[in-house]
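> predicted model, plus sequence, below.
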Amino acid sequence: MAQKTKMIIDKDFRIAEVDKRVYGSFVEHLGRAIYTGIYQPNHSSADEYGFRKDVIELVKELDVPIIRYPGGNFVSNFFWEDSVGPLEQRKKRLDLAWRTHESNEVGLGEFAKWCDAVYSEVMMAVNLGTRGTADALNLLEYCNLDTDSYYANLRRQHGVEKPYDIKVWCLGNEMDGPWQIGHKTAVEYGRLAAETAKAMKQMDDSLEFVVCGSSYVDMPTFPQWEASVLEESYEYVDYISLHQYYGNQQNDTADFFAKTQDLERFIHTVIATCDFIKAKKRSEKTINLSFDEWNVWYHSLESDNEEMDKNPWQTAPHLLEDIYNFEDAIMNGLILITFLKHADRVKMACLAQLVNVIAPIMTEEDGSAWRQTIFYPFLHASKYGRGYALQPVISTGTHNTSNHTEVTDIESVAVYNEEKEEVTIFAVNRNVDEDVVFEADVRGFRGFQVKEYIVLESDNMKLVNSSKKEAVVPKNRTDYVLKDGIFEAVMKKCSWNVIRLGK
Ligand code: AHR
């Protein structure tokens, strides 16, 4: 058995209130995310608008407050006007990012309606790849204005009287990436982002803007990109984006789990860069972080590249359909804990993506919708991780992995929901060899009892779910002790743990 872990939590050790938008997600016009994902008029569960009700139910279960749309790389050559108005007049287009055919059967209006059905807000991205400020303004007028003017009237003509009132806007996508259609240098992009946000604010000053940070931490231009972009745009934007996907290509589970050390460093560096520009500009304003793409993504990469190469211009092909295993779920739990530990600066995050494309929810065209392994840590965090993130005081053992040193055995954070009088401890034992005795001092929560102790545990790291069988599902454990305010349990190696305490 590895060294015992001791944690102390207290109501007064607050990091910050968790912004519920940290449980956001992402739907891109990519693969089967839209067509045969959220939308399939010929499916037995389809509603009057063609949306799959089985998918709606699963999204509602996850309780996702905000969903980024319509891309991703797709947005950089997206002509939003083609996606609104009478169906028969919509232009069919070629999407260059994923080399697929886009029918535009589902567009802005349909997506906004679907978001209402799942109780989510839209986080809208504008095309700053092949388009610019003027088109972003037209789109904003169409979406948010109640004026007697061309694009607001066009929306009314399309049968939508009330503006969509979209609050959060992403200024392009991954503009640092050479793969991006309309890729730019940091200064080119920073200027364009600043001028676009400035003009859009003039139309509606209640908006919040996310400017593009780096596409991933190993981009050669990171973090100078962030510094240069913010030099140009600091006054006009509110958040900077971070994107990061992880994989276990080496089949080295211990090192895979250690990668949230890299994530920590990524977050720290972006915060430091934002605050450096803040200091340089003598600004009172703080830029927060929007981690608007995160997940595990590697299982499908090779076959997808081949498919796009050999069979371009298909409609809704099977792309990025990673089938997640048990260890991927644990990794996602570690990522969520890391975000909560930075609740003071990470205000939004989007699990990328939501349906069929690197997603927690999968659909069978002729069958059901089902939950991947990664569904569960997200579900638990979204359900029980609302309130104040508490600063964990932890002493835990450490281990080394092939590429990381002093990796903590237990990663943990707690969230206190004052209103519900509940506190939830989220913890991962990322030691792949040994169970760990976990002790939590919760004396600060007088009179609290354990309501539930939920776990994901398995000896088989490669266990997957499918439409036929959900092999990875949470279980409840009762073999713990809570005595005189001290909780104790043995956390299994490679496990996700959710300890809910309340009155
Ligand atoms: O989520 C899949 C893709 O990953 C997105 O389109 C892009 O922004 C990122 O590279």
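Structure received. What you see is a predicted model; the values in this text were computed from it and never measured.
> contacts, neighbours, all on C-alpha from now
Will do.
> what does the protein have sitting close to the ligand?
Proximity of the chain to the ligand (CA under 6 Å from any ligand atom) is limited to residues 71-73, 173-174, 352.
> in helices, which of those residues fall?
Using DSSP state H, no member of these sits in helices.
> and these, which is closest to Thr269?
Lowest distance from Thr269 to the residues of the chain next to the ligand (CA to CA) belongs to Glu174, with 17.9 Å.
> quick one: contacts for that closest one?
Neighbouring residues of Glu174 by CA atoms under 8 Å, 6 or more residues apart in numbering: 72-73, 180, 212-215.
> and these, which are buried?
Buried positions within those, assessed by neighbour count (16 or more other CA atoms under 10 Å), are 72-73, 180, 212-215.
> contact partners for the closest residue to the ligand within the chain?
Nearest residue of the chain to the ligand, counting by CA to the nearest ligand atom: Gly72, 3.3 Å away. Listed by CA under 8 Å, 6+ apart, the contact partners of Gly72 are 28, 173-174.
> reformat these into a markdown table and put distance to Lys11 and pLDDT next to each item.
As requested, the contacts of Gly72 are exported to a markdown table (distance: CA to CA, whole Å; pLDDT from 0 to 100):
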| residue | distance to Lys11 | pLDDT |
| --- | --- | --- |
| Glu28 | 39 | 98 |
| Asn173 | 39 | 98 |
| Glu174 | 39 | 98 |
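> so which of these is the closest to Leu207?
Asn173 (17.9 Å).
> on that earlier part again, just the buried ones among the contacts of Glu174: which are in strands?
With DSSP state E as the criterion, strands contain none of the buried ones among the contacts of Glu174.
> of these, closest to Ser382?
Closest approach to Ser382 among the buried ones among the contacts of Glu174 (CA to CA): Gly72, at 23.0 Å.
> from Gln224, how far out is the closest one?
Look at Gly72 and Gln224: by CA to CA, to the nearest Å, they are 22 Å apart.
> also Lys278?
Remark: distance between Lys278 and Gln224 (CA to CA) = 15 Å.
> try Val423
To Gln224, Val423 is 40 Å away according to CA to CA.
> the two: which has the busier surroundings?
Val423 (31 against 14; other CA atoms under 10 Å).
> okay, and the closest residue to the more buried one other than its chain neighbours sits in which element?
Closest residue to Val423 apart from its sequence neighbours, by CA to CA, 6 or more residues apart in numbering: Tyr416 at 4.3 Å. Using DSSP states H and E, Tyr416 maps to strand 410-417.
> C-alpha coordinates for that strand, CSV please?
Coordinates of the C-alpha atoms in strand 410-417 are reproduced here as CSV (Å, rounded to 0.1, in the frame of the first residue of the first chain):
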residue,chain,number,x,y,z
ILE,A,410,-4.0,11.4,-5.1
GLU,A,411,-5.3,14.4,-6.9
SER,A,412,-8.3,16.0,-5.2
VAL,A,413,-10.4,19.0,-4.7
ALA,A,414,-13.7,19.8,-2.9
VAL,A,415,-16.7,21.9,-3.9
TYR,A,416,-19.0,23.4,-1.2
ASN,A,417,-22.6,24.1,-2.1
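> and whichever helix or strand comes after it with strand 410-417, angle?
The C-terminal neighbour of strand 410-417 among helices and strands, as given by DSSP H and E, is strand 422-429. Interaxial angle, strand 422-429 versus strand 410-417 (axes from the mean of the first three to the mean of the last three CA atoms, to 10 degrees): 170 degrees.
> pull out the buried positions in strand 422-429.
For strand 422-429, burial by neighbour count (16+ other CA under 10 Å) applies to 422-429.
> now pLDDT and distance to Lys310 too, for the residues you listed, in JSON lines please.
Formatted as JSON lines, those follow (pLDDT from 0 to 100; distance: CA to CA, whole Å):
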{"residue": "Glu422", "pLDDT": "98", "distance to Lys310": "53"}
{"residue": "Val423", "pLDDT": "98", "distance to Lys310": "52"}
{"residue": "Thr424", "pLDDT": "98", "distance to Lys310": "49"}
{"residue": "Ile425", "pLDDT": "98", "distance to Lys310": "48"}
{"residue": "Phe426", "pLDDT": "98", "distance to Lys310": "44"}
{"residue": "Ala427", "pLDDT": "98", "distance to Lys310": "44"}
{"residue": "Val428", "pLDDT": "98", "distance to Lys310": "41"}
{"residue": "Asn429", "pLDDT": "98", "distance to Lys310": "43"}
